[in-house]
Each structure stands twice: as structure tokens, then as C-alpha cells.
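K.L.:
Sequence isn't available, so here's the structure alone:
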């Protein structure tokens, strides 16, 4: 394997001094923030998707960013020059509170789809005409809000991914039915329910066939609802955040820069070596391209760089002082997974850190024996004893880990005390990560250079177990309940109460007598695999199981690629339009890992045959690990017993009516067809 001169030099430098030599002088910088108006409860912004020249690791490139300003400062749909307009590659953070309105006017000024966008240039004439102009839209990932479609009574959208926004004059003449096409600005008006949980979320485009390309080019940002003080410390504020505990918001992005300075947006997993040598030093925020061979030939990525950034910074340094720092981390990568660790630079030891939250929900750690907690969050953490004590009389007990797996779209919040053992210098990094025999081998790379200054042991933080609070009545009350639950209208904001006729029309438009409730004791089984005759494709299958786990005749759907016109799952809310909870079984019959995500709600991961109400972790995505050697991606191999799998059982409360999706959030897989249409309707 060939290496550039710098790559060869890196292999000769001791691991203990390499990061200090190459780390940037600047500490981690907080992302710029747009916050809702405390008087009106609104965040009203103009957001323009557009290309922007930037530099990363000293290399010039053109990324795609969101240019953002407040609507009050915009003139004729243009943001003014100056400090009130922001367009950082690292993204911005939108700060909201329960009961707020997020209003976004989205304008598309993107260039045509990049030439490596597989699905925009796949020889299907209709798809090419739809995707080559590079339409875009927005999804507020993890938020439990309406997937509302615009209509004559209300021209604004909720979190509705079936609308495609084009540059002016590029709306296609030939397009698939069932979608909304516009070359005008898209107006979003998203209400945050008053009982919406506090936490960390993010926004990104969700155009099927282009999601990977647009996110790989840089299009994403963070959303925070509430404050960490909502779930850290006891009710009197002890053992939680103090003035000497710094909070950082970190959005992890990666971008592949070719030798000629262009971006490879389809993302090649083998772009650089997973690990260049058994005892290799930490790579400081990037790795060099190599020659990639396949059955179709070789591609030379030498001279290119795979660059990993933390809120737009490449390998920043950070000194952990005071009582430590809380890091709120989101994976904004399109397809790659992270195995995050804090590694001592001198010994190579993995240092423990406290896990505070998973996917925007504080962890439920009320039991004194937390040895089984890792399984409750889909084995996303490697649990270890905490290095520091916790306070007397705590109602919760800290969860600590030596590694944290973050698949694309995952979020986590961790606490790093200012002293961890005897370590003084360490590196926050991702280890190499394999996703199975037919999967990908994601490379290791350093993300942040750390220095610990503490001299005394610091107590862990107390996490209030609020996860159970969001599950009252099965979940958050959705839009339909605003109409049908007596007394609820009085609790709404004046603007929401004034829009009740529009809500009523929206609910009525989605009434569907053909949607049947899942019978008591029944389960939906979702298959992840390969469509028949498409060895390089991705898809989902489906069947319903009865109380004894037997397939219900007439419900089976073989693995197929996504078709937005095919509503695979349809269900009504419960009486009074209260939330309804279902159990799903996720079965991966492929030889690579997948990552389940469902819009407009979240779920609990359950052990097999768990009793109702099991207090497991609450999440909105979970790894579904690959099956055994006999798994060839087909349901047939599973049915005949050749494919051994470990199903993931989840309990999902549905509360928002409308049309949305569930899918694998590895975007190569999602764009390739591993997604399905779900519809929730009002009670009938």
C-alpha cells in the first residue's frame, strides 16, 4: 500500500507526542445560535441552501451550507451581509423551548446534483429528471412534531419529507405522482408541543436519492429544546451543572476531498485505510486517500483527504478545567459510524466517561445495579465502572462507558471530569469500526486533543430519570388530540388555538377506514435485506405476527426498495386520539449492520418477551446487527433456518397523524431503497 510522504512520516512519530505536535491552537468553539424570541415563542428564519468556498486542513474546497438570518432582517428573500447572517460549514444551533414555533422559509440555491450522485444518474429517465436539478427539503430529526402537508387552509408544512424544493425554473416536467414539487420557497411552521422533552436534535435534508450527497456536502445543523438543567442535578440543582462545568455542542461531519479539490459526495468507505498499522499513532482529523480495488476495477484516491470535523473545526484542542465539561454530540455523517473513545496518549488506555443522554433523552439509571443498561440502548455503549463517586442520597446512579457507538443520526451527551485517573493528555477519537462481512470498515481518526488539569477527583453528575415522563399516555399527545381531548384546547398557545379549524381539516383529510389497529398481542416484523434480483440493492420487508409469534396470513411483503406510494404500515390512534403503542420486531437478514430510525416518535428497546412498561432506554435510532454466515439478504434464508439473527424488539408510541417514514439511517442504504411509508390517522 502506498502512502504520501506525510503519511509515512506520521508512522514514525510516537503516539504520545503526535497529537500535541499537530493539534490546532484553538480550543473547541461553540456553534453560533439562533434562539426563539422569549416574548413570542417563535424562531422565524430565512434559510438558503447554497454552495460556499471554505478551507479544511489548509485545502480549499466548495461545501454546501445553510445561509441563515432572521426573517425580520431579510429583504426580498435575501439575507443581508454582516454579522446577522451566518453560513458556517460546521452548522448552527437552533435553540427552542416546549411550546415554541419553528418557522423556516427554505430557498434552494444549490447547483445541479454532483456527478457522483448515483441515483441522479442511474439511467431511469423519471428519476434523473427529478433528481439531477438537486431538489432539497428539511427534516427535524428526533422531534415529535406534526408531519403536516400544506393545503388550501394552511400553506405551510410541518415536518413533511414528501415535498421537494427546486431552484427557480428547474421544477421537472416529468415526475413521480404522490409528491409535492415546487420551485418556490418552502415555508415550514412546526409547533413544539408543550410537553415535548428537552434534548439534542438535528436538522438535515431528506430527499430520497440525494440525502447522502447533500449531507456529505455539509448540509446539517443542530436543534436543542430546553436546557441540560432540565435533567441534570436533583430538583434543587445539586450535583448537576454549575458555573464551572462548561457545555459544548459538537456536530460530527466528514467530507471526502479528491486530489483535484472536488468533493466526493457519494462517500467511499475504503477511501483510506481503517488503521495503517497495528500500533499506529492517532491521525489528526484526517486520513490520506488510497487506491481502492473492486470487481469493477480500481479507483485512485491518492492525493485526496477524508476530513473529519467537530462543528467545523479539524482536530481542535481542549483543556478540561474546573469540574469538567458536558459534551452534547450529534453524528451528522451520511453513512459512516463512529466508535468514540477517550484514549490516554501515553498508555493507550481507554478512559471512562459518564453517559448522560442518548438521542435527546436522559438515561434512566434509577437502579443500583446498572450492569444490564448497555443492552437497553442497543449495546451502543461499553459499560465500565465510573472513575469518580456520586453524591449521597442520589435517586439515580451514573452510567459510565469506555466507548460509545454512534451510527449515523445518533446523538449522545457525555460528561468529562477535569481529572480521569492519572491521565494528563488524551485524544477524543473514533476507533476503526466494522459493520459486518458485507459491510464497511470505517477508519480511525483523532477528533479532539484533550488536556486534563484537575488535581482532585470530581463527582459524577446526577441525571434525573425523566425518560419515563415522556411515555405517559403512551407518548406525547399529537395534533389530533388537540381537537378531540376535552380541555386540551385551553392549554394551547393563542396562535395554536386560533388555528384549530386548520388542525381539524388536517385530521379529517387523513381519516382512512382501511387503517386497522394492530390486534392485541400482535407484533409487526420488519425485515432488513436485499431485494430479489438486486444483489447491490437495499430494501425492507414486512409481516404481522399473532400472539404466539406466528405469521398472519395475507400480511407478508417480501423485501422491496422504497416506493412512496406503497403505505406499508397504516394505523389509527386510540380512542380520543390518544397515542397508541405498538411492538415491532426488527430482523436483519443481511451480512451487514443497519440502523433503524422512525420519524415523528421514538421507542424503547425491549428484551425478548419483555413485560409491558419495561423501563428500557428511549431512542429514535438503534443498530440492527448483521445476521450469521447463512444470511444472504433474503427472507427465504431466514424462513428455512439458514440465517441466524438476533432480532431487536422495540415498543413504539405513535401520537402524530400524517405520512412519514421508517428507514435505515445509513444513507447509502436509505437512498438505495431501505425505507418504507407509514401513515397514522385519526381514531375512527
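P.N.:
Received it, and whenever you're ready, just let me know what you need. Since this is a predicted model, take the numbers as computed values, not measurements.

K.L.:
Just the strands from the stretch 401-550 of the chain, written as ranges.
P.N.:
Per DSSP state E, counting those that start in this stretch, the stretch 401-550 of the chain carries strands over the ranges 411-416, 425-430, 433-434, 441-442, 445-452, 523-529, 539-545.

K.L.:
contact partners of the last one?
P.N.:
Counting by Cβ atoms under 8 Å, 6 or more residues apart in numbering, the neighbours of strand 539-545 from elsewhere in the structure are 518, 522-531, 551-552, 555-562, 568-569, 585, 635, 663, 673-676. For the C-beta atoms, the positions are set from N, CA and C on the backbone; glycine is no exception.

K.L.:
Any of the residues you listed buried? List them.
P.N.:
518, 522-531, 558-562, 568-569, 585, 635, 663, 673-676 (16 or more other Cβ atoms under 10 Å).

K.L.:
Of the strands of the stretch 401-550 of the chain, give the one that comes closest to residue 347.
P.N.:
Of all the strands of the stretch 401-550 of the chain, strand 425-430 sits nearest to residue 347, with 9.6 Å by Cβ to Cβ.

K.L.:
Sheet partners, orientation included, of the closest one?
P.N.:
strand 338-344 (antiparallel), strand 445-452 (antiparallel) (DSSP bridges).

K.L.:
Which one, of those, ends up nearest to residue 327?
P.N.:
Closest among the strands paired with strand 425-430, using Cβ to Cβ: strand 445-452, at 9.0 Å.

K.L.:
contacts for that closest one?
P.N.:
Outside strand 445-452, the residues that reach it (Cβ under 8 Å, 6+ apart) are 19-20, 23, 28, 252, 282-287, 306, 308, 310, 315-320, 340, 342, 416, 418-420, 423-430.

K.L.:
switch the cut-off to 6 Å
P.N.:
Contacts with strand 445-452, where a contact means Cβ atoms under 6 Å, 6 or more residues apart in numbering, come from 19, 23, 282-284, 287, 308, 310, 315-320, 418-419, 423-430.

K.L.:
isn't residue 94 right next to residue 34, touching?
P.N.:
Yes: look at residue 94 against residue 34 with Cβ atoms under 6 Å: they come within range, at 5.4 Å.

K.L.:
between these two, which one's more packed in?
P.N.:
In terms of neighbours (other Cβ atoms under 10 Å), residue 94 is the more surrounded of residue 94 and residue 34; the figures are 25 against 19.

K.L.:
For the more buried one, list the residues it contacts.
P.N.:
Contacts of residue 94 (Cβ under 6 Å, 6+ apart): 34, 223.

K.L.:
rerun that using 7 Å as the cut-off
P.N.:
Counting by Cβ atoms under 7 Å, 6 or more residues apart in numbering, residue 94 touches 34, 43, 102, 221, 223.

K.L.:
Residue 588 too?
P.N.:
528, 594, 624, 625, 626, 627, 645.

K.L.:
That one and residue 674, how far apart?
P.N.:
11 Å (Cβ to Cβ, to the nearest Å).

K.L.:
residues shared between the contacts of these two?
P.N.:
528, 594.

K.L.:
of the contacts of strand 445-452, buried ones?
P.N.:
Applying 16+ other Cβ under 10 Å to the contacts of strand 445-452 flags 19, 23, 282-284, 287, 308, 310, 315-318, 320, 418-419, 423, 425-430 as buried.

K.L.:
Name the nearest residue to the spatially most central residue of the chain, ignoring sequence neighbours.
P.N.:
The residue lying closest to the centre of the chain (Cα atoms, centre = their mean) is residue 409, at 1.7 Å. Distance criterion Cβ to Cβ, 6 or more residues apart in numbering; nearest residue to residue 409, sequence neighbours excluded, is residue 665 at 4.2 Å.

K.L.:
I'd say the one you found and residue 410 touch.
P.N.:
No: counting by Cβ atoms under 7 Å, residue 665 sits too far from residue 410 to count as a contact (8.3 Å).

K.L.:
Return every residue with contacts to both of these two.
P.N.:
By Cβ under 7 Å, 6+ apart, the residues touching both residue 665 and residue 410 are residue 621.

K.L.:
what lines up beside the longest strand belonging to the chain in the sheet?
P.N.:
With secondary structure taken from DSSP state E, the chain has its longest strand at strand 42-56. Strand 42-56 pairs in its sheet with strand 59-70 (antiparallel), strand 101-108 (parallel), by DSSP bridges.
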